[in-house]
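>>> Would you be able to build a 3D model of this:
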Amino acid sequence: AREAVEAERAPHENRVWWLLCLVGGSLLFLVCAWLAHRHTLTGPNLAIFRHINDLPNGLRTPAWIITVAPSSLLIGVVAVVVAFALKLYQLSWQLAATVFAAGGLAWLGKTVIAEPRPYSLVPDVHMRAHEADFGFPSAHVLMVTVVVLTLWPYLPRLWRLAILLWIPLMAMSRIFLGVHTALDVTGGFALGLALVSAMRVAPEPLRKLLRFD
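Have a look, this model is predicted:
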């Protein structure tokens, strides 16, 4: 009887959790977007950037390995292809939907906020990479977040903890390479969290229609 009660409670508790993540992620993204729209790199944002960007150049190779690909979209595409190759068709579809949405939202955020890259905001930036488009939000962190959180329900607990580390490591690598600020990577994470959470808390008929269950 206890197992039956827990089984009934689990979906409801998960839905509440994802709803909280949706609200929290959305609010965090809006705050980061408002701050980034001022086009300044000061205060704690600058302090965090300097601390990570000033790390030894010997970390450049690990940072590039963590970044995985010069294009953030490629990360999502590879995840979709791998899931499809493993015959996980529903997971592949969910990844494709979130990756497509994430790519569109990243482009929209960069266009609207139009925040310059760090090397255009402050001097003495260690430029270990160069990207010509706008900085906010970090598309790499956004893409990794949606991939990790979409995979989350399908993974054993130990794998969940391991893959979750990819998000902060990606964020640090992007700051270390000199192409993003702390606000950029935080905004990317918050947007990814809100996007996947919205998928999880969508009305059941819509989830079934879109095959998000």
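>>> can you tell me how far the residue most central in space within the chain sits from residue 186?
The residue lying closest to the centre of the chain (Cα atoms, centre = their mean) is residue 142, at 2.6 Å. Distance, residue 142 to residue 186, by Cβ to Cβ, to the nearest Å: 11 Å. Bear in mind the C-beta positions are built from the backbone N, C-alpha and C, glycine included.
>>> Please apply the same query to residue 134.
From residue 134 to residue 186 the distance is 16 Å (Cβ to Cβ).
>>> In three-state terms, label residue 170 for me.
Classification of residue 170 using DSSP: H, G, I helix; E, B strand; the rest coil returns helix.
>>> I'd like to know how many residues surround it.
28 (other Cβ atoms under 10 Å).
>>> Return the residues in contact with it.
By Cβ atoms under 8 Å, 6 or more residues apart in numbering, the residues touching residue 170 are 66, 67, 140, 141, 144, 185.
>>> And the first one, how close does it get to residue 130?
Taking Cβ to Cβ as the measure, residue 66 and residue 130 are separated by 18 Å.
>>> if you count what's nearby, which of the two comes out ahead?
More neighbours surround residue 66 than the other of residue 66 and residue 130, with 20 against 10 (other Cβ under 10 Å).
>>> The more buried one: what's its closest spatial neighbour, skipping adjacent residues?
residue 173 (4.2 Å; Cβ to Cβ, 6 or more residues apart in numbering).
>>> What's the separation between that neighbour and residue 63?
4 Å.
>>> Can you list the low-confidence ranges for this protein?
1-13, 209-213 (pLDDT under 70).
>>> cutoff 90 now
Along the chain, the parts satisfying pLDDT under 90 run over 1-18, 65-74, 76, 83, 86-91, 93-94, 129-133, 151-164, 199-213.
>>> Quick one: the strands in the chain, in order.
For the chain, no strands are identified by DSSP state E.
>>> sorry, back to before: and the residue nearest to residue 66, what is it in contact with?
62, 63, 64, 66, 67.
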